[in-house]
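Asks: Show me the folded form of this:
(one chain, ligands or ions: 2)
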Amino acid sequence: MGFAQLVIGPAGSGKSTYCSSLQKHCETVGRNIHIVNLDPAAERFDYPVAMDIRELVSLEDVMDQFGLGPNGGLIWCMEHLEDNLDDWLGEELENYMEDDYLVFDCPGQIELFSHVPVLRNFVNHLKSKNFNVCAVYVLDSQFMTDVTKFISGCMASLSAMIQLELPHVNILSKMDLVTNKKDIEDTFSLRCMFSLSRHVLSPSVEYISCTSSEAISLWYLYPDSQFLLSELNQRMAPRFANLNKALIELVDEYSLVSFVPLDLRKKQSMIYILSQIDTCIQYGEDKDVKVRDFEEGSGDD
Ligand SMILES: Nc1nc2c(ncn2[C@@H]2O[C@H](COP(=O)(O)OP(=O)(O)OP(=O)(O)O)[C@@H](O)[C@H]2O)c(=O)[nH]1
Ligand SMILES: [Mg+2]
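Replies: Ligands and ions are numbered 1, 2, ... in the order given. Now for the predicted structure:
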């Protein structure tokens, strides 16, 4: 069995940066992963590219050849990938053995994980090749600075969840940009979490820079849905009250408000995220516990 992460999320949310940081982290800890570029428009990479969709099709060629714009061209490229799942992808996957771990860096066009079925068929193909796949949805921390943006980010994540039917981990990227006290006060969802966690840790700036696993796991708490609802009602005209209630219930029902923060300055942050994803795809569960052999009488015991 192989393992795979499908890294998706809005344009510019930090997907490729996450992939390259993950690759560097795994290299440091001696873990073998391979990053695959699925973006036909990508031009430069900060990671070694194991497989590259541009060997099959490139956005530039498609735009020239068919006179398409960038978004139409991208959809054409991805549909071309879909038509070549058995040929191109199948052949490329033959280079990887059981237990290999692939990370797919996807383009940021939201339609790919909302209504166009390409990624869903791609995932089904991976599953048929015996891969355990997890969707990793990357959302920019700027989405947390405003309740209406946050709800729209949640809805996009939810539509990916429903479309792909995969285990799903939400990552809140660029946490290094949420650093000063004003940002923290402006970030309504952090206030939510503080209100939940104040009996455990004081709501201070130190909390943000704390690297202990206890502090990081607190981020994973579910904010109070009533708090979200009251924030949303304050921002919207009274006639939207019922809609707001329905949206918050939906978000609550799908436990969507659980985001794992990614702060690239902190090693612990990547370790925690990877452990969450590994659990989702059952990576390492069948590994044997290594027992060191001691020579009898060597005095090592
Ligand atoms: N400060 C900060 N900037 C980041 C971080 N992650 C990404 N960026 C910046 O955000 C921009 C977009 O990052 P990418 O990793 O290219 O985002 P992407 O989601 O792959 O973008 P598309 O593939 O175009 O959808 C770049 O300028 C990155 O340097 C982060 O953790 N902190
Ligand atoms: Mg990218």
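
Asks: Residues of the stretch 201-301 of the chain that sit close to ligand 1?
Replies: L264 (C-beta under 6 Å from any ligand atom). In this view, the C-beta of every residue, glycine as well, is placed from N, C-alpha and C.

Asks: pLDDT below threshold where in the stretch 201-301 of the chain?
Replies: The model of the stretch 201-301 of the chain has pLDDT under 70 over residues 201-224, 255-257, 287-301.

Asks: Now do the strands in it.
Replies: Counting by DSSP state E, counting those that start in this stretch, the segments of the stretch 201-301 of the chain that form strands are 260-261.

Asks: how about the helices in it?
Replies: 205-209, 213-218, 225-235, 241-253, 267-281 (DSSP state H, counting those that start in this stretch).

Asks: wait, which of those helices is closest to E92?
Replies: Nearest to E92, of all the helices of the stretch 201-301 of the chain, is helix 267-281, at 20.0 Å by C-beta to C-beta.

Asks: ok, and for the closest one, which residues are buried?
Replies: Within helix 267-281, the residues scored as buried using 16 or more other C-beta atoms under 10 Å are S269, M270, Y272, I273, L274, Q276, I277, D278, C280, I281.

Asks: so what does that helix touch, helix or strand wise?
Replies: Applying 3 or more C-beta pairs under 8 Å, 6 or more residues apart in numbering; DSSP states H and E, one finds that helix 267-281 contacts strand 2-8, helix 15-29, strand 131-140, strand 168-173, helix 213-218, strand 260-261.

Asks: what's next to that helix, contact-wise?
Replies: 3-5, 21-22, 25, 132-134, 136, 167-169, 171, 175, 211-213, 216-217, 260-264, 283-284 (C-beta atoms under 8 Å, 6 or more residues apart in numbering).

Asks: Near ligand 2, list only the ones from the residues you listed.
Replies: Restricting the contacts of helix 267-281 to those within reach of ligand 2 (C-beta under 5 Å from the ion) leaves nothing.
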